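Chemist: the following comprises the amino acid sequence and a computationally predicted model.
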Amino acid sequence: MGHHHQHGHSHSHTDLKGRNLLISIFLNVAITVSQVIGGFISGSLALLSDALHNFSDVLSLIISYIAARLGKRKASNFKTFGYKRAEIMAAFVNAATLVVVAIFLMKEAVERLYKPQVIESDLVIWLSLIGIAANGFSVLLLKKDAEENMNMKSAYLHLLTDMMASVAVLIGGILMKYFQIYWIDAALTMLIGLYLIYMGYDLLKESSKVLMLFTPKSVVIQDIVDSICTIEPVKNVHHVHIWQLNEDEVHMEAHIDFKEDIKLSEFDLILEKIEEHVYHKHGINHVNIQPEFNKCDSKNIIVQD
């Protein structure tokens with residue numbers, strides 16, 4: 001059995017990531033409270049829907065913050081992988097909430113389209129401006145981390161879509177104030193809902209693939225098998241499993257049949273070659289190999305349950 005690890009995140013970076021999340025949480029709590037109050041006073045469904053989305057942002061950011069903290073915990077006898085999947089689970093939950101919130105908003109918007117209401121547009125305009133400013137600042141805080149971490153991407157998407165929602169609410173407020181087009185409030189809510197589903201579905205799909213232990217898109221198992229077989233004295237590679245543990249780790253386990261009955265010391269040297277090979281060419285940073293010689297099992301099954 002062999003293993004090879006590569007770690008890419010420092011504690012200082014994680015601490016900075018946590019601080020940025022905390023700032024975003026406090027900003028979104030303030031926005032949510034102000035928009036709920038303003039939504040009831042003005043009668044704006046778009047403003048209330050934006051407040052609901054903001055509330056889901058608060059929950060998602062809290063989940064992301066807890067997951068980021070859990071991810072730093074070390075493995076134990078009862079948790080041999082530690083909490084390395086915590087951030088993937090957070091991404092999945094946050095993506096799911098985006099879709100659920102979107103469906104709820106669209107249902108409310110359809111009902112409001114049949115019964116448009118007069119709305120206090122001045123309050124809507126001012127509160128949407130506050131939402132744009134606060135969420136825009138939060139988006140800038142999380143943008144860099146979102147490029148390399150699925151959990152942070154889920155939090156970033158919540159904030160980005162809410163900033164876009166606030167922009168839509170602002171446009172609606174202006175149209176209601178100057179042109180008395182009150183149905184635009186529900187129409188914009190529908191657009192916000194569709195956009196949330198569009199953004200949430202892709203992240204939900206990607207996080208689901210990791211949780212289901214699917215092989216990463218970038219990995220072609222047959223190519224790996226063929227390349228390992230070029231290393232002497234490897235005869236056959238079979239019973240391969242490749243999965244993504246989290247953002248940073250891709251694991252591989254396989255049975256390797258050798259042409260001759262090699263010594264354990266020789267196997268160690270071959271294993272080192274395999275580890276370096278699959279890491280540099282295929283991005284796999286943890287390898288488990290079961291060596292075999294003349295074992296009576298099928299050598300033709302590359303992938304097996």
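Modeler: Noted; the coordinates are in hand. Every value quoted in this text rests on a predicted model; they were computed, and no experiment measured them.

Chemist: show me the helices in this structure, by range?
Modeler: For the chain, the helices defined by DSSP state H occupy 11-42, 45-70, 86-114, 121-146, 150-179, 184-211, 221-228, 264-282.

Chemist: turn those into CSV, columns for mean neighbour count, distance to Glu249 and mean pLDDT.
Modeler: From N, CA and C alone the C-beta is placed, and that goes for glycine too. As requested, these are exported to CSV (neighbours: other Cβ atoms under 10 Å; distance: least, Cβ to Cβ, whole Å; pLDDT from 0 to 100):
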stretch, mean neighbour count, distance to Glu249, mean pLDDT
helix 11-42, 18, 16, 75
helix 45-70, 24, 16, 76
helix 86-114, 20, 11, 81
helix 121-146, 20, 18, 82
helix 150-179, 23, 13, 80
helix 184-211, 20, 11, 82
helix 221-228, 16, 16, 90
helix 264-282, 15, 11, 91
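
Chemist: out of these, which comes closest to Asp257?
Modeler: Smallest distance to Asp257 across the helices of the chain (Cβ to Cβ): 11.2 Å, for helix 221-228.

Chemist: so what does the closest one touch, helix or strand wise?
Modeler: In terms of contacts (3 or more Cβ pairs under 8 Å, 6 or more residues apart in numbering; DSSP states H and E), helix 221-228 is packed against strand 234-244, strand 250-258, helix 264-282.

Chemist: for the longest one, which outside residues touch it?
Modeler: The set of residues external to helix 264-282 that reach it, using Cβ atoms under 8 Å, 6 or more residues apart in numbering, is 2-4, 6, 218-219, 223-224, 227-228, 231, 233-234, 252, 256, 258, 262, 284-285, 287, 289, 291.

Chemist: 10 Å instead, please
Modeler: Outside helix 264-282, the residues that touch it by Cβ atoms under 10 Å, 6 or more residues apart in numbering are 1-6, 216, 218-221, 223-224, 227-228, 230-234, 237, 242, 250, 252, 254, 256, 258, 260, 262-263, 284-287, 289, 291.

Chemist: and these, which of them are buried?
Modeler: Buried subset of these (neighbour count, 16 or more other Cβ atoms under 10 Å): 4, 219, 221, 224, 228, 234, 237, 242, 250, 252, 254, 256, 258, 284-287, 289, 291.
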